[in-house]
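**Student:** mind folding the following:
(one chain, ligands or ions: 1)
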Amino acid sequence: MYGIVNKAIQGLVTEKFGVEAWEQIKEKSGVKHDTFLSNEAYPDEDTFKLAGAAAQHLNIGVKDVLVVFGEYWVLKTGMQHYGSLMRSGGNKLKEFLINLPNFHSRVMLIYPNITPPEFKISDVSENTLRVHYYSTRSGLTYFVYGLLQGLGKMYNTAVQIQLADEKEKGKDHDVFEVSW
Ligand code: HEM
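**Tutor:** Got it, this is the predicted structure:
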């Protein structure tokens, strides 16, 4: 994945646990790069190794790391570095989610060569909808869970998120039921 993703993991760990913890996690992960360039592609494996090493170091599950990282991605990486892009997604949570399928086409104006996720929205009603998440990658379900939680915080909206279907359990893709 593009270096910006690994840089965000670095930012999250450093902010919460300090530079020392980051150095140890990087060492433990076996990832050899000293720094990541936002606009350069790195093997997906590096990202998964960093997340795995962070989980081990902090003594929490990889799923928990991914959820926290998803929130951080929206609230820090997204809002602080790409605020206007994030805000262009909509004025409220429901609108943002309905527009989510198109979001990465705008991201690709900045990062043209990414392999973006694919989202579809269904079952829209007043206070709930379903987010369908398709990816060429595996293992990012709880990252998306955290992203959705982060979006709730971004819009100051209390959200409930339920995993209705999981790729890991043999389904075609992940389905999140989001209510607010
Ligand atoms: C300004 C905000 C955002 C930027 C700049 C951004 C950028 C990126 C980049 C660079 C990648 C790596 C892809 C690659 O290297 O091939 C990525 C992946 C991803 N993004 Fe975003 N993104 C943003 C917001 C969001 C939001 C709001 C969501 C969903 C709620 C989201 C969901 C994902 C997912 C799930 C992936 C993993 C790729 C996969 O599933 O295969 N992103 N994004």
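**Student:** use CA for all of it now, contacts and neighbours both
**Tutor:** Fine.
**Student:** element containing the residue positioned nearest the centre of the chain, please.
**Tutor:** For the chain, the residue nearest the mean C-alpha position is residue 70 (3.8 Å; C-alpha atoms, centre = their mean). Secondary structure assigned from DSSP states H and E places residue 70 in helix 62-72.
**Student:** give the other helices and strands that that helix contacts.
**Tutor:** Judged by 3 or more C-alpha pairs under 8 Å, 6 or more residues apart in numbering; DSSP states H and E, the packing partners of helix 62-72 are helix 3-17, helix 44-58, helix 141-154.
**Student:** quick one: average confidence on the strand or helix carrying residue 129?
**Tutor:** Assessed by DSSP H and E, residue 129 sits inside strand 128-134. For strand 128-134, mean pLDDT is 98.
**Student:** which strands and helices sit next to that strand?
**Tutor:** Against strand 128-134 (3+ C-alpha pairs under 8 Å, 6+ apart) you get strand 118-125, strand 174-179.
**Student:** and the shortest one, which strands flank it?
**Tutor:** Put plainly, it is strand 174-179. Applying DSSP bridges, strand 174-179 is found paired with strand 128-134 (antiparallel), strand 160-165 (antiparallel).
**Student:** wait, what's in contact with the residue nearest to residue 166 when sequence neighbours are not counted?
**Tutor:** Distances taken as C-alpha to C-alpha, 6 or more residues apart in numbering place residue 174 nearest to residue 166, at 4.4 Å, with adjacent residues excluded. Residue 174 makes contact with 132-134, 141, 163-167, according to C-alpha atoms under 8 Å, 6 or more residues apart in numbering.
**Student:** can you select the buried ones from those residues in PyMOL?
**Tutor:** Here is the PyMOL command that selects the buried residues among the contacts of residue 174 (16 or more other C-alpha atoms under 10 Å):
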select buried, resi 132+133+134+141+165+167
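**Student:** got a list of what the residue lying closest to residue 150 once chain neighbours are set aside touches?
**Tutor:** Once flanking residues are discounted, residue 150 sits nearest to residue 71: 4.1 Å by C-alpha to C-alpha, 6+ apart. Residue 71 makes contact with 146-151, according to C-alpha under 8 Å, 6+ apart.
**Student:** 6 Å - rerun?
**Tutor:** By C-alpha atoms under 6 Å, 6 or more residues apart in numbering, the residues touching residue 71 are 146-147, 150.
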